[in-house]
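In: Give me a 3D structure for the following:
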Amino acid sequence: MAVNSDVYFVDGVRTPFGRAGEKGMYWNTRADDLIVKAMIGLMERNPDVPGERIDDVAIAATTQQGDQGLTLGRSAAILAGLPQSVPGFAIDRMCAGAMTSVTTLAGGIGIGMYDLAIAGGVEHMGRHPLGIGADPNPRFLTEKLVSADALNMGVTAERIHDRFPHLTKERADRFGMLSQHKVQAAYDAGVIQPDLVPVAIKNADGAWGLATEDEGRRPETTMEGLAALKTPFRPHGRVTAGTASPLTDGATVSLLAGGAAAKELGLEPKMKLVSFAFAGVQPEIMGIGPVPSTEKALKKAGLTIDDIGLFELNEAFAIQVLSLLDHFGVADDDPRVNPWGGAIAVGHPLAASGVRLMIQLAAQFKTRPDVRYGLTAMCVGLGQGGSVIWENPFYDGKKRK
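Out: Numbering: from 1, shown residues only. Presented below is the predicted three-dimensional model:
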């Protein structure tokens with residue numbers, strides 16, 4: 001077994017994302033069934049990978065209770081039909097759960113302890129709303145360690161607007177509108193659907209159906225419509241439903257491999273891991289977290305922001321993405337940023353979103369041999385950021401015409 005192995009993202013799939021709540025398509029679907037369905041789809045797409053060769057399974061969830069608890073990595077592996085010799089565990093870093101599943105197992109591969117691993121995340125926000133059943137330590141408030149509203153993500157987004165007045169509501173609205181339009185254009189081009197695993201669903205009357213695409217998209221969004229929306233987090237605020245990711249249910253999963261295992265099994269990796277980093281910031285302005293984590297990841301890789309040819313940034317809120325772009329001197333509408341739109345349109349099932357970013361970046365890499373490096377980054381509740389830099393195995397060094 002080679003020590004200090006290269007780490008490859010071989011493949012990734014996800015369920016379609018559904019609106020959380022009683023009107024959403026997954027209201028009568030279990031959380032664990034979502035991740036199991038995604039895992040089955042992943043293994044079916046990779047028949048050259050023997051199940052017994054999977055060294056570990058890490059599945060993230062933010063609210064680990066009920067059908068979203070019970071050591072998800074292990075229970076989902078059994079339910080997905082992997083051999084019982086395959087171990088697994090659950091992980092939690094709120095919004096960066098799946099991203100942390102990937103980086104944790106990547107560490108094991110990198111030092112030669114794992115050959116193959118499955119990493120992903122699931123969040124059923126309809127069944128398990130953020131924070132339900134949580135019991136924060138009273139010291140957070142009595143010792144003024146964290147503001148009482150630091151877990152209200154919308155309030156934290158408003159604070160970024162406060163800190164950077166030039167990042168106006170109009171700029172956020174435009175970013176939100178373009179996300180909707182870009183996602184629909186990607187759907188029309190048929191580039192998102194290949195990585196979606198259909199899920200059998202049942203409505204309130206017991207009738208069966210099939211979930212085949214993301215449910216919450218609003219391609220008809222206009223600037224005029226966004227300007228008229230309420231600002232629920234603050235009177236006369238700037239954050240609206242049109243510039244925030246909706247509450248969402250869904251699951252994502254990826255297959256990771258070391259260099260020797262990929263070669264042995266004849267796998268064709270979609271991305272190579274270059275570096276990753278996590279960073280902490282004040283919980284009250286958690287949205288700026290990806291700025292220091294990206295700086296750390298770039299430094300570890302010996303790269304600058306100018307080396308990044310594609311950005312997949314999680315759109316928890318439009319203002320959150322704008323603050324990162326502004327920091328690095330990247331234009332709001334730079335074509336390298338979220339070319340197929342993002343979470344404002346497709347949703348953000350917390351612990352699942354990190355791998356969705358990777359799935360989209362991987363699909364773009366194959367069509368962009370002129371791009372060498374890509375970034376997946378996201379903000380994290382309680383004041384963190386996570387960033388992963390990837391290299392394109394299809395890079396040919398030729399400029400695009």
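In: Spit out the contact partners of residue 184.
Out: When contacts are counted by Cβ atoms under 8 Å, 6 or more residues apart in numbering, residue 184 is found next to 217, 219, 341, 345. Every residue, glycine included, has its C-beta placed from N, CA and C.
In: how much space between the first one and residue 9?
Out: To tie it back to what came earlier, the one meant is residue 217. 26 Å (Cβ to Cβ, to the nearest Å).
In: Would you mind telling me which of those two has more residues around it?
Out: Under the criterion of other Cβ atoms under 10 Å, the comparison of residue 217 against residue 9 puts residue 9 first, with 27 against 20.
In: and the more buried one, helix, strand or coil?
Out: Look at residue 9: counting by DSSP: H, G, I helix; E, B strand; the rest coil, its state is strand.
In: Against residue 279, how distant is residue 253?
Out: 26 Å.
In: higher neighbour count, those two?
Out: The residue with more neighbours, out of residue 253 and residue 279, is residue 253; 33 against 20, by other Cβ under 10 Å.
In: neighbouring strands for the helix or strand that one falls within, and are they parallel or not?
Out: If you go by DSSP states H and E, residue 253 is part of strand 248-258. Strand pairing for strand 248-258, determined by DSSP bridges: strand 7-14 (antiparallel), strand 18-19 (antiparallel), strand 116-124 (antiparallel).
In: For the longest helix seen in the chain, buried residues please.
Out: Criterion DSSP state H: the longest helix present in the chain is helix 169-188. Within helix 169-188, the residues that qualify as buried are 169, 171-184, 186-187, counting by 16 or more other Cβ atoms under 10 Å.
In: The following helix or strand past that helix packs against which elements?
Out: Counting by DSSP H and E, the next helix or strand C-terminal to helix 169-188 is strand 199-202. On a contact count with 3 or more Cβ pairs under 8 Å, 6 or more residues apart in numbering; DSSP states H and E, strand 199-202 meets helix 31-45, strand 208-211.
In: Any chance of a markdown table for the ones you listed, columns distance to residue 302, mean neighbour count and mean pLDDT?
Out: Converted to a markdown table, the helices and strands packed on strand 199-202 look like this (distance: least, Cβ to Cβ, whole Å; neighbours: other Cβ atoms under 10 Å; pLDDT from 0 to 100):
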| stretch | distance to residue 302 | mean neighbour count | mean pLDDT |
| --- | --- | --- | --- |
| helix 31-45 | 32 | 23 | 98 |
| strand 208-211 | 43 | 13 | 96 |
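In: wait, which of these is closest to residue 264?
Out: Nearest of those to residue 264, taken as Cβ to Cβ: helix 31-45 at 17.6 Å.
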